[in-house]
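S.K.: Quick one, fold the following:
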Amino acid sequence: MLKTKILLSLFLIVGTLSSCKKDNYNAEKQAKIDDGLIVDFLAKNSIVAVKHSSGLYYQVLNAGSGNEVTASNTVTVNYQGKLLNGVEFDKSTAPVSFSLAGNLIQGWKIGVPLIKKGGKIRLIIPSALAYKNSSPGAGIPENAVLDFTIDLIDVQ
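M.R.: Have a look, this model is predicted:
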């Protein structure tokens, strides 16, 4: 019985310690890495994009002509999300609506208001404006730069 208690205690201690992830995330260092990856990606794919002061890169494919977008709007969009290696991790199959004030990555909150209703934009989002050093699921690794194409269908 004592051996069982000792083994169980040891197992719990090892399990607890191994589940503690050391957070060595250095935002400044990661921003430089991401920027280099993005600049290289843009050059290799002949994409002309503008760098926003936040570090986000964007390419306005169609500026749109409808209502302007603010942080308090709900937008209806079609979108496709890829990693820089071209692997698609998400795509809308029908128009979806999001509140820009809601639980969205910063890259969307910054990028979507750069176009108007009816517009289309490509956002190359550094990890700091996406999921940082976390992985939200199997399709997106930690520190991932994300490549979104977004059609802005409606603005409410």
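
S.K.: Any stretches of the chain with poor pLDDT?
M.R.: 1-23 (pLDDT under 70).

S.K.: I'd like to know the phi and psi angles of the residue nearest the centre of the chain, please.
M.R.: In the chain, the C-alpha nearest the mean C-alpha coordinate belongs to residue 130, at 3.1 Å (CA atoms, centre = their mean). Torsion angles at residue 130 (phi, psi; degrees, to the nearest 10) stand at phi -120, psi -110.

S.K.: same deal with residue 90?
M.R.: Dihedral angles for residue 90 - degrees, to the nearest 10 - are phi -160, psi 150.

S.K.: could you pull out the helices for the chain?
M.R.: 2-19, 27-44, 106-111 (DSSP state H).

S.K.: Just the buried positions in the second one, please.
M.R.: Right, helix 27-44. Across helix 27-44, burial judged by 16 or more other CB atoms under 10 Å covers 30, 34, 37, 38, 41, 42. Every residue, glycine included, has its C-beta placed from N, CA and C.

S.K.: The nearest residue to the third one once chain neighbours are set aside: neighbouring residues, count only.
M.R.: So that's residue 37. With CB to CB, 6 or more residues apart in numbering as the criterion, residue 37 has its nearest non-adjacent residue at 5.5 Å, and that residue is residue 145. Residue 145 has 22 neighbouring residues, counting by other CB atoms under 10 Å.

S.K.: Right, I'll leave it there.
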